[in-house]
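**Q** Could you work out the structure for the sequence below:
(chains A and B)
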2 protein chains.
Amino acid sequence: MFYLVTDMQSFTHIEGGVTAAAGFKAAGVEATVKYTSRRDMALLVADEPCVVAALYTSNKVAAAPVLIDRERSASGVAQAVVINSGNANACTGALGLQNAHEMGRLTAAALGIDQSLVLVCSTGVIGVHLPMDKIAMGVKKAAVALSRDGGHNAACAIMTTDSVKKEVAVELEIDGRRIAIGGMAKGSGMIEPNMATMLAFITTDAVIAADALDMALRLAVEISFNRIVVDGDQSTNDTVIAMASAQAGNQSLSQEHPEWERFVDALKTLCLELAKKIVMDGEGATKFVTVKVSGAATAADAQLVARAVAKSPLVKTSWFGVDPNWGRVIAAVGYSGAAVEEQRVQISIGGIVAYDQGRVAQTGELDAMRRAMKARFFEVEINLNLGDGCDTVFTCDLSHDYVSINAEYTT
Amino acid sequence: MFYLVTDMQSFTHIEGGVTAAAGFKAAGVEATVKYTSRRDMALLVADEPCVVAALYTSNKVAAAPVLIDRERSASGVAQAVVINSGNANACTGALGLQNAHEMGRLTAAALGIDQSLVLVCSTGVIGVHLPMDKIAMGVKKAAVALSRDGGHNAACAIMTTDSVKKEVAVELEIDGRRIAIGGMAKGSGMIEPNMATMLAFITTDAVIAADALDMALRLAVEISFNRIVVDGDQSTNDTVIAMASAQAGNQSLSQEHPEWERFVDALKTLCLELAKKIVMDGEGATKFVTVKVSGAATAADAQLVARAVAKSPLVKTSWFGVDPNWGRVIAAVGYSGAAVEEQRVQISIGGIVAYDQGRVAQTGELDAMRRAMKARFFEVEINLNLGDGCDTVFTCDLSHDYVSINAEYTT
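**A** A predicted model of the protein is given here:
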């Protein structure tokens, strides 16, 4: 059964983003990889080699850094992540792979660690080779700038078309120890469940083994980064990396630990908040819409329906136009591939019933929906009344600005 | 093996649209179903009950008229089609079904024929009941206005957000007899392979049995209406109806007839031209793009790739922006679900190689692509170099006007 977080409110939010947890430093510097006068290289470094877990894009065309990180993170140990924005280093062939390796090697040299401990991430335009002189300069600047409160600058440096930086940190107590979990993310376009053009970096000072961190991360990503849609385009570079420094001194976390669920819930809370920030900053987005599907024959069917509705250009433009055009919603439900019986379907928009098993909304109800849709946040609820399958996806509208941003974002 | 038409140029185009073939009359009249001061009801009538074949939406939420027509056309015999625009009569429950039946009954009465011979089509907004007094008035007006050159008015009356009417007619000689095939279509938004918010009506005076007409129509629709994408939204009302009056006096057409292939090719030509007119009139479209995929492991893979590229909002906005952002194309190729090996992929835009098995386009080539993309028509060619699977899809860009049209098209 798909569920979100048992009690979202139970975690205290703290400052510090990706450097909130003990044992991590970060920096974000200007390297003019593509942009000028803004930070575009970030470095995240643990004091010691630490436990790592990571998830990557399922796109068959994966960027060079993803190819490297997949191998390196499989060891369960890492110490640093170097990230550039403005250039994805994707579809760049043998030279691209060589450049990604070099970016890691330069970072290892600047930090005095083994290059097998360095993960490499890139985000930006596809098919352009990295300007290695600028990368080299950026790595040096970042290594010098590393600090315990560098999380903010790092969060700025990983942005591409993002309009705001995205950071969250929470704390909880386990075994009488204060544990912090912090993170930063970037992503605005090319956003689709199963991870999007998005990077997320999460750190914690909890003591946890690599396999347990991997399991916790998968559970958290499944209900957060895998449940957001901006445009339905899936990226070549998606990466979520979690590192644990073990400085909190708790009993090692695993499924056997009595507080395991609470730790997972904290991680879910963090990932969900970062994921929602991505949707809220969706390219050109003016609305944040939660699409909740219940009563599907299976959970898989519920996901099909939620995604079809969240991806439909006609539905998304109607949200932008504050038009309660529920007909487009039911059309998307119908073509989603899920089992659907039109006479059983119920659809609500903004809490107002639009279609109820054959009964359609009247003028007064349509007006009430229009009022609800004027808010920045509203829900679209779909009950198929066929079974117990449910799912929730977070998405945004499709506006003129989305077209402008993506027609003008140039190669 | 997927193929288009053996020799597209070999058929003489003629005037007359859906009334070009002998034995058919049509009309298009103002009934103010939703619109004022424009034709919004059409009637297409054969002189005698004639052979019919039809294909319908695969959306599980199908409109009331689709439910009726599926049953009636299965008999292989029909005499009239009545169509309204402005209201889809979809998601309208038992009353909607009753209204669709009544629309057919009124038409049968006005024409003095049995209601089982009348097919009913609606297109427009979902979830609103038909204004039956206006429908009744429209049927009467249309029955009086029927004429041999009424095809043009009928083609106007079936339009919704269409900006131009869509008609094609061709002729060919079989068994020494002149055979005409004519058609009209509507469709602009909610357009996706497997038929879209589109209606198409095709008439011929050929002698052909119902099962042979059904086979020919399936072959023609597969390479035409099933190969167009505007926005990837699939409608509740898609319908393609073909009627044959048998007035040409040829030997009955079937697979055994020596001219069978030529007849099918003529029907393909007609359907393909109508389908292309729909894409050219895609909501807000400024570009007509042919996406050709070859070298896929299977034909199904080729189709997955072509559709993923044609549906990608990021790719479509880059076309609107005249930006040769082939990275978005290869990203879509990668997430299409097809077998893909990045190092084998070749991509051309407007005849210029953008990505060739690891080699990326340089500045001069990008400039050449930009020049090619300034034209209204260009091709995106993708060779996966893995096998023999190929497919072609016709699509358009995603522009500001698409957003405007669909944000403002109100419930």
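
**Q** Just want the residue of the stretch 201-350 of chain A that's nearest chain B.
**A** Nearest residue of the stretch 201-350 of chain A to chain B, counting by Cβ to the nearest Cβ: A:Gly327, 2.5 Å away. C-beta here means a position set from N, CA and C on the backbone, and glycine is covered the same way.

**Q** That residue is in contact with B:Asn87, isn't it?
**A** No: under the criterion of Cβ atoms under 8 Å, A:Gly327 makes no contact with B:Asn87, lying 10.6 Å away.

**Q** for chain B, what are the nearby residues on the stretch 201-350 of chain A?
**A** Within the stretch 201-350 of chain A, the residues that sit near chain B (Cβ under 8 Å from any Cβ of the partner chain) are A:231-236, A:311-315, A:317-318, A:320-321, A:323-328, A:330-335, A:339-343, A:345.

**Q** Which of the residues you listed fall within helices?
**A** Those of those mapping onto helices are A:311, A:313-315, A:317-318, A:320, A:326-328, A:330-335, per DSSP state H.

**Q** neighbour-wise, which of those leads?
**A** The most crowded member of those, judged by other Cβ atoms under 10 Å in any protein chain shown, is A:Ala331 (32 neighbours).

**Q** how many neighbours does the closest residue to that residue other than its chain neighbours have?
**A** Of all residues not flanking A:Ala331 in the chain, B:Thr236 sits nearest, at 5.3 Å (Cβ to Cβ, 6 or more residues apart in numbering or on different chains). Taking other Cβ under 10 Å as the criterion, the count of residues near B:Thr236 is 29.

**Q** And for the one 10 residues further on?
**A** When counting by other Cβ under 10 Å, one arrives at 19 neighbours for B:Ala246.

**Q** next one: A:Val81
**A** Residues lying near A:Val81 (other Cβ under 10 Å) number 30.

**Q** What mean pLDDT does the helix or strand that it is a member of get?
**A** If you go by DSSP states H and E, A:Val81 is part of strand A:77-87. Average pLDDT, strand A:77-87: 96.

**Q** Which strands or helices does it pack on?
**A** When contacts are defined as 3 or more Cβ pairs under 8 Å, 6 or more residues apart in numbering or on different chains; DSSP states H and E, strand A:77-87 packs onto strand A:41-56, helix A:93-111, strand A:118-125, helix A:132-145, helix A:151-157, strand A:199-204, strand A:239-244.

**Q** Show me chain A divided up by domain.
**A** Using automatic domain parsing, the domains assigned to chain A come out as A:8-279, A:288-408.

**Q** Model confidence at the residue of the stretch 51-200 of chain A found nearest chain B, what's the number?
**A** Relative to chain B, the nearest point of the stretch 51-200 of chain A is A:Ile126 (2.4 Å; Cβ to the nearest Cβ). pLDDT for A:Ile126: 85.

**Q** Then A:Met198?
**A** 85.

**Q** what's the neighbour count on it?
**A** Counted by other Cβ under 10 Å, the residues lying close to A:Met198 total 29.

**Q** Just want the angle from the longest helix belonging to chain A to strand A:199-204.
**A** Secondary structure of chain A per DSSP H: the longest helix is helix A:260-280. Orientation of helix A:260-280 against strand A:199-204 (axes from the mean of the first three to the mean of the last three Cα atoms, to 10 degrees) gives an angle of 150 degrees.

**Q** Noted, bye for now.
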